[in-house]
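Engineer: got a sequence here, can you model it:
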Amino acid sequence: SSLVQQTTTDANGVFSIDIRNQTPETILLETSYIGYGKVYSTVTDRNILIVMDSNINKLKEVKVTAHKSILKRTPGQFMYIPRGMALETANLYELLSYTPLISVEGDVVSIIGKGNSTIYINGRKLVMNKELVMDMLRSTQPDRIERIEIITTPGSAYSASTSGGIINIVLKNMNNGIRGSVNIIGNYTNERFSPRSSVSLSFAKGSFNASTTLGFRNTNSYIHNINFYNYKTTQTTIENDAVTKNKYTSIYGIFNTSYRLNKRNIIGASLSIQGGQGEYESIITGDYTDPILHKKTQAISFTDKSFKRPAIGAAVFYTLTTDNRGSNLDISMSYSKHYSDSLQDMEYAILGNSMYEPYKEFEQNTTGDNFGYQMKVRYAKKYTTESKLEFGVQFNKSRISNGLVQEFNLTAPLEPLFDNSNHFIYSEATGAGYITYDCTWNSVISSKLGLRGEYTEIDGKQRATGDVFGKNDFYLIPQLSFTFDIEKNKHALSLDLSR
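Structural biologist: Sure, this is the predicted structure:
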């Protein structure tokens, strides 16, 4: 059989087909309409009445399954498992902006109500500055996220100096193969364009995993603010006109690798390198008027931030699984070093008859040479899937060396002046030990108990004045957290006591 002709009815259900060139006995007419069963008719007359019955074939049942993200309260923290639509975001940085209890604004990620928070990956603090952390989040695909731990009350396992909460991102193991991504972002404000871009590549095969991110960032900003102040009691008016320009360019690289030696042993390392240079210019004009005096002042500042040495962060770790329940020993070490150097020209002037006349000029060289390292050993003993005992020791050492040299005679080479120069050195050493016990007693009650002892030794010296100071402190920090899960993943009460 073959299709001869087809047509549709008008609003009254009337239709016509021209079959003058066909033999009526060989034609079968098929009539169909949504919601009604098909009708097959032979052509016996010019006018045909067709009656259609409602279609009685119905679907028995349709089941639509949606994967909903899970937010669960546990002692001292919330655990968020992204699913469904949450995993369709562009990257991990964007996913965090949709995560409950987390606020993302520029290069700041924070737990709401806690201020700027610290980012951890797989339970380890990242040894890099916040700009690199944000770019690394932008290069991580959402499908690699196993869960996000929002630690609102950092417990005994964390340093006493920890503030703002901790966001620990737990990643899944990488699938074999090569993955890559490219991120290009531009910001246009006040006729200034600030681009940044990064290229990421990851590779996994068997027991070996490696990833790298290479990036570039250029900051170009212009800000113009005018502020007026009027004091009625003294009849004083002040106008401040401030123009600031900032240009800074940096490049960086992030490298991560891990290797599973066998079922029980894993080693890993990470390295971050960053370097950059730029300049900063500021012009502030002040107009002061009162019943007696009227004067105008101007302060001009130009700062050259030159590149001398790259900022470096490195870390290594070793993990030994000691039993089939997942108990493990973890040993980690990290090191970071940062050097900065800036040369600033300052000029203060007052308006004379027709032009600003400088009354103070100087050149200032500021340097910073900072480093720190950390060693940590911890053991987590899992008795069951519902209870875990963890204890560990930790040692931190950091040193900050800031130098300042001023020269008021700009015609002479820059030389240190005792009265206007300074060199401040600060060092801090911390040793700590802790123990925690985490247990889910039943489907409703869970708890986490802990205690941390921390000893800190601080030394400081100002070479310009010869002032020396030192301080030793010892802290005992308890942790007590209870959670009552009244209705699973819907209603929970919690009690947290910590630092």
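
Engineer: kindly check the end-to-end length of stretch 131-151 for me.
Structural biologist: 22 Å (CA to CA, to the nearest Å).

Engineer: look at residue 211 and say how many residues are nearby.
Structural biologist: 21 (other CB atoms under 10 Å). For the C-beta atoms, the positions are set from N, CA and C on the backbone; glycine is no exception.

Engineer: before we move on, what about residue 484?
Structural biologist: 14.

Engineer: and for residue 321?
Structural biologist: 16.

Engineer: ok, it touching residue 328?
Structural biologist: Yes - counting by CB atoms under 8 Å, residue 321 touches residue 328, with 4.9 Å between them.

Engineer: the helices in this structure, which residues?
Structural biologist: Using DSSP state H, the helices of the chain run over residues 92-97, 130-138.

Engineer: what helices or strands is the first one leaning on?
Structural biologist: Okay, so that is helix 92-97. strand 102-105, helix 130-138, strand 145-151 (3 or more CB pairs under 8 Å, 6 or more residues apart in numbering; DSSP states H and E).

Engineer: what residues of that helix count as buried?
Structural biologist: 92, 93, 95, 96 (16 or more other CB atoms under 10 Å).

Engineer: who are the contact partners of the second one?
Structural biologist: By that I understand residue 93. 104, 134, 137, 138, 140 (CB atoms under 8 Å, 6 or more residues apart in numbering).

Engineer: surely the third one is in contact with residue 89?
Structural biologist: No - with contact taken as CB under 8 Å, residue 137 and residue 89 are classed as non-touching, separated by 11.3 Å.

Engineer: which of those two has more neighbours?
Structural biologist: In this view residue 137 and residue 89 are compared by other CB under 10 Å, and residue 137 has more residues nearby, 19 against 16.

Engineer: show the model's pLDDT score for that one.
Structural biologist: Residue 137 carries a pLDDT value of 90.

Engineer: and residue 308, how many neighbours?
Structural biologist: 12.

Engineer: what does it show for phi and psi?
Structural biologist: Dihedral pair for residue 308: phi -120, psi -50, per degrees, to the nearest 10.

Engineer: quick check: beta-bridge partners of residue 334?
Structural biologist: Per DSSP bridges, the residues bridged to residue 334 are residue 315, residue 374.

Engineer: go on, residue 102?
Structural biologist: residue 111.

Engineer: just residue 496 next, same as before
Structural biologist: Beta-bridge partners, per DSSP bridges, of residue 496: residue 481.

Engineer: next, count neighbours for it.
Structural biologist: The number of residues packed near residue 496 is 16, by other CB under 10 Å.

Engineer: from residue 79, how far off is it?
Structural biologist: Noted for residue 496: a distance of 15 Å to residue 79, by CB to CB, to the nearest Å.

Engineer: what does residue 141 give?
Structural biologist: Distance from residue 141 to residue 79, by CB to CB: 21 Å.

Engineer: now residue 450
Structural biologist: As for residue 450, its distance to residue 79 is 18 Å (criterion: CB to CB).

Engineer: more crowded one of the two?
Structural biologist: More crowded of residue 450 and residue 79, by other CB under 10 Å: residue 450, with 22 against 16.

Engineer: contact partners for that one?
Structural biologist: By CB under 8 Å, 6+ apart, the contact list for residue 450 reads 155, 156, 157, 434, 435, 436, 437, 478, 479, 480.

Engineer: can you redo those residues as JSON lines with distance to residue 340 and pLDDT?
Structural biologist: JSON lines is the format used below for the contacts of residue 450 (distance: CB to CB, whole Å; pLDDT from 0 to 100):
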{"residue": "155", "distance to residue 340": "34", "pLDDT": "88"}
{"residue": "156", "distance to residue 340": "35", "pLDDT": "91"}
{"residue": "157", "distance to residue 340": "32", "pLDDT": "92"}
{"residue": "434", "distance to residue 340": "34", "pLDDT": "97"}
{"residue": "435", "distance to residue 340": "39", "pLDDT": "97"}
{"residue": "436", "distance to residue 340": "38", "pLDDT": "96"}
{"residue": "437", "distance to residue 340": "44", "pLDDT": "96"}
{"residue": "478", "distance to residue 340": "39", "pLDDT": "92"}
{"residue": "479", "distance to residue 340": "37", "pLDDT": "92"}
{"residue": "480", "distance to residue 340": "42", "pLDDT": "93"}
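
Engineer: out of these, which are buried?
Structural biologist: Buried residues within the contacts of residue 450, counting neighbours by 16+ other CB under 10 Å: 155, 156, 157, 434, 435, 436, 437, 479, 480.

Engineer: now, which of those residues sits nearest residue 461?
Structural biologist: residue 434 (31.4 Å; CB to CB).

Engineer: now that closest one: how far from residue 205?
Structural biologist: Counting by CB to CB - residue 434 and residue 205 are separated by 37 Å.

Engineer: mean confidence score for stretch 250-266?
Structural biologist: Mean predicted lDDT for stretch 250-266 stands at 95.

Engineer: so how far is it off the chain centroid?
Structural biologist: In terms of CA atoms, centre = their mean, to the nearest Å, the centre of stretch 250-266 is found 20 Å from the chain centre.

Engineer: and the nearest residue to residue 401 once chain neighbours are set aside, what does it touch?
Structural biologist: Spatial nearest neighbour of residue 401, excluding adjacent residues (CB to CB, 6 or more residues apart in numbering): residue 369 at 4.5 Å. Residue 369 makes contact with 338, 339, 401, 403 under the criterion CB under 8 Å, 6+ apart.

Engineer: is residue 369 bridged to anything, and to what?
Structural biologist: On the basis of DSSP bridges, residue 369 is bridged to residue 339, residue 401.

Engineer: and if you look at residue 253?
Structural biologist: Per DSSP bridges, the residues bridged to residue 253 are residue 214, residue 273.

Engineer: quick one: contacts for it?
Structural biologist: So residue 253 contacts 212, 213, 214, 215, 271, 272, 273, 274 (CB under 8 Å, 6+ apart).

Engineer: correct me, but the first one touches residue 254?
Structural biologist: Spelled out, it's residue 212. Yes - judged on CB under 8 Å, residue 212 makes contact with residue 254 at a distance of 6.6 Å.

Engineer: and these two? Which one has more around it.
Structural biologist: residue 254 (24 against 17).

Engineer: distance of the residue nearest to that one when sequence neighbours are not counted relative to residue 425?
Structural biologist: Spatial nearest neighbour of residue 254, excluding adjacent residues (CB to CB, 6+ apart): residue 213 at 4.4 Å. With the distance defined as CB to CB, residue 213 ends up 34 Å from residue 425.

Engineer: which one's more surrounded, these two?
Structural biologist: residue 213 (23 against 16).

Engineer: before we move on, the earlier item: can you say which of the contacts of residue 369 are buried?
Structural biologist: Buried among these by 16+ other CB under 10 Å: 338, 339, 403.

Engineer: ok, the second one - contacts?
Structural biologist: In other words, residue 339. Contacts of residue 339 (CB under 8 Å, 6+ apart): 308, 309, 311, 367, 368, 369, 370.

Engineer: ok, residue 89 next?
Structural biologist: Residue 89 sits next to 95, 98, 142 when contact means CB under 8 Å, 6+ apart.

Engineer: equivalent analysis for residue 444, please.
Structural biologist: By CB under 8 Å, 6+ apart, residue 444 lies in contact with 484, 485, 486.
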